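In: for reference, the sequence and a predicted model appear below.
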Amino acid sequence: MSAFLALVVKDVRQLLRDPKTMLMVLLMPIIVMALFVAGYGGGGEVPIAVVDLDGGKISWQLIDFLRNVGDFRVDCFASTPEKGEMLVKKGKVYATLIIPEGFSEDVLLRRKTRIELIIDSSYAHISELIWEALNAVVQEFQRKVSEKYNTFSITVNKRTVYGPQVTRVENFVPVVMGILLHLVPMSLIAVSISRERERRTFEQLIVTPID
């Protein structure tokens with residue numbers, strides 16, 4: 001083990017003596033991440049649709065609360081749940097929030113009420129994040145509104161559908177990022193082997209015991 005640690009210390013020292021290699025190690029991940037942010041990143045807001053079957057005061061307060069949170073962007077309003085579901089299936093939005101008729105009345109009368117969330121499950125990682133984020137938003141809305149209208153309960157029911165064919169970049173970006181994260185250590189290994197061959201010490205490394 002001591003011999004292995006000695007090799008690690010030696011490579012670290014050589015790396016510190018080579019400014020070009022050190023610069024590559026430090027800048028390559030930053031450059032790659034910057035390129036992905038520039039080409040793939042966005043404002044961080046998830047486009048959703050809303051079906052407001054209630055049209056009451058509390059339902060509009062919930063919609064305004066969603067807009068002000070910053071995690072969601074209400075791109076369109078659908079007149080029926082079927083049209084809202086179709087927006088998800090066509091890939092126009094990631095999710096549709098359906099506020100049922102009588103929602104405001106239930107809140108004012110302190111009755112339990114439910115809202116429905118239709119999520120595109122074609123993107124499993126995104127749909128789970130949307131589900132968790134929207135639940136958190138609804139709970140925060142419930143806490144704030146309860147201060148004025150006393151205690152009431154809102155339950156979010158999730159219904160999943162599948163949108164268009166899965167061809168978007170979101171599905172292969174994690175794989176590409178995993179490959180890119182391996183580029184730096186693989187490059188360092190290649191540089192280290194080339195350096196040892198150049199100095200004719202590679203054969204010595206092969207016969208060096210690990211422990």
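Out: That came through, no problem. Small disclaimer: the values here were computed from a predicted structure and weren't measured.

In: next up, phi/psi of Tyr94, please.
Out: For Tyr94, the backbone dihedrals (degrees, to the nearest 10) come out as phi -80, psi -30.

In: count the neighbours of it for me.
Out: 24 (other Cβ atoms under 10 Å). No exception for glycine: its C-beta is placed from N, CA and C like everyone else's.

In: who's in contact with it?
Out: Tyr94 makes contact with 46-48, 88, 119-120, 123, 126-127, 130 under the criterion Cβ atoms under 8 Å, 6 or more residues apart in numbering.

In: try 6 Å
Out: 46, 120, 130 (Cβ atoms under 6 Å, 6 or more residues apart in numbering).

In: quick one: contacts for the closest residue to the second one other than its chain neighbours?
Out: By that I understand Asp120. The shortest distance from Asp120 to any non-neighbouring residue, by Cβ to Cβ, 6 or more residues apart in numbering, is to Gly163 (4.2 Å). Contact partners of Gly163, counting by Cβ under 6 Å, 6+ apart, are 88-89, 91, 120, 122.

In: domains of this protein?
Out: 2-40+172-206, 46-168 (automatic domain parsing).

In: and among these, the most buried is which?
Out: Mean neighbour count (mean count of other Cβ atoms under 10 Å) peaks for domain 46-168 among the domains of the chain, with a mean of 16.

In: and that one, how far out from the chain middle?
Out: 19 Å (Cα atoms, centre = their mean, to the nearest Å).

In: for the most centrally placed residue in the chain, which three-state class applies?
Out: Compute the mean C-alpha point of the chain, and by Cα atoms, centre = their mean the closest residue is Ile126, 5.9 Å away. Look at Ile126: counting by DSSP: H, G, I helix; E, B strand; the rest coil, its state is helix.

In: quick one: Leu27 is in a helix?
Out: Yes. Per three-state DSSP, Leu27 lies within a helix segment.
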